[in-house]
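> Predicted model and sequence below, questions to follow.
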Amino acid sequence: MTQFYWEDFTPGQTWRFGDHPVTEEEIIDFATRYDPLPMHLGRDQAKASPLGVFCASGLHTFALTQRLLADHIHSKARLIAGGAMDGFRLETPVLPGDRLSVAATVITAKPHSRREDAGWLDFRVETFRADGTRVLQFVTRILFGRRQPALAEAD
């Protein structure tokens, strides 16, 4: 059931959610399937890697962030499509035992230039460890449906 439409999001509004525990098994499983680099495959391999730290893949961190966004915003909104992602920054490794949460802040809200039934939202997305350390940030543009189509502007 749709709870949120484009009109329900306002610049400056911040959503905070999630408490995902990251396990060693989850890190290894994701890396084995999608990013099989030594620092993600186990403690022994990580020690011998140039990074020297066993940690989650950046792709894994993003995937966890996306899941939290999907669970707490996207699945409850009239989301149409993603449009862009900018400023993707991995700031510090995610380690086994970390607990991740997300903050998504609306930066801009603009009606779609050709679709009266839709509008663009830009969000600053930040992923944090439980101690407040930011591990990931990016800006994403998403197209959401409007509750009611905009009235055509007079010429």
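Great, that's in hand. Residues are numbered from 1 along each chain as shown.
> May I see the buried residues of the helix-or-strand element of the chain with minimal mean pLDDT?
In the chain, the helix or strand scored least confidently by mean pLDDT, DSSP states H and E is helix 43-48, which has a mean of 93. Within helix 43-48, the residues that count as buried by 16 or more other C-beta atoms under 10 Å are 45-46. C-betas here are computed from N, CA, C, even on glycine.
> so how far is that helix off the chain centroid?
The chain centroid and the centroid of helix 43-48 are separated by 28 Å, computed with C-alpha atoms, centre = their mean, to the nearest Å.
> helices or strands up against it?
Packing partners of helix 43-48 (3 or more C-beta pairs under 8 Å, 6 or more residues apart in numbering; DSSP states H and E): helix 38-41.
> what sits up against the helix it packs on?
Helix 38-41 is contacted from outside by 27-28, 30-32, 45-46, 48-49, 51-57, 60, using C-beta atoms under 8 Å, 6 or more residues apart in numbering.
> now with 7 Å?
For helix 38-41, the surrounding residues in contact (C-beta atoms under 7 Å, 6 or more residues apart in numbering) are 27-28, 31-32, 45-46, 48-49, 51, 53-57.
> mind showing which ranges of the chain have poor pLDDT?
In the prediction, the chain carries residues with pLDDT under 70 at positions 150-155.
> can you pull out the helices in it?
Counting by DSSP state H, residue ranges of the helices within the chain are 24-34, 38-41, 43-48, 58-72.
> Tell me the buried residues in the last one?
Neighbour counts using 16+ other C-beta under 10 Å place 58, 60-62, 64-66, 68-69, 72 of helix 58-72 among the buried residues.
> Show the contacting residues for the residue nearest to residue 78 when sequence neighbours are not counted.
Once flanking residues are discounted, residue 78 sits nearest to residue 145: 3.3 Å by C-beta to C-beta, 6 or more residues apart in numbering. Going by C-beta under 7 Å, 6+ apart, residue 145 touches 5-6, 78, 80, 117-118.
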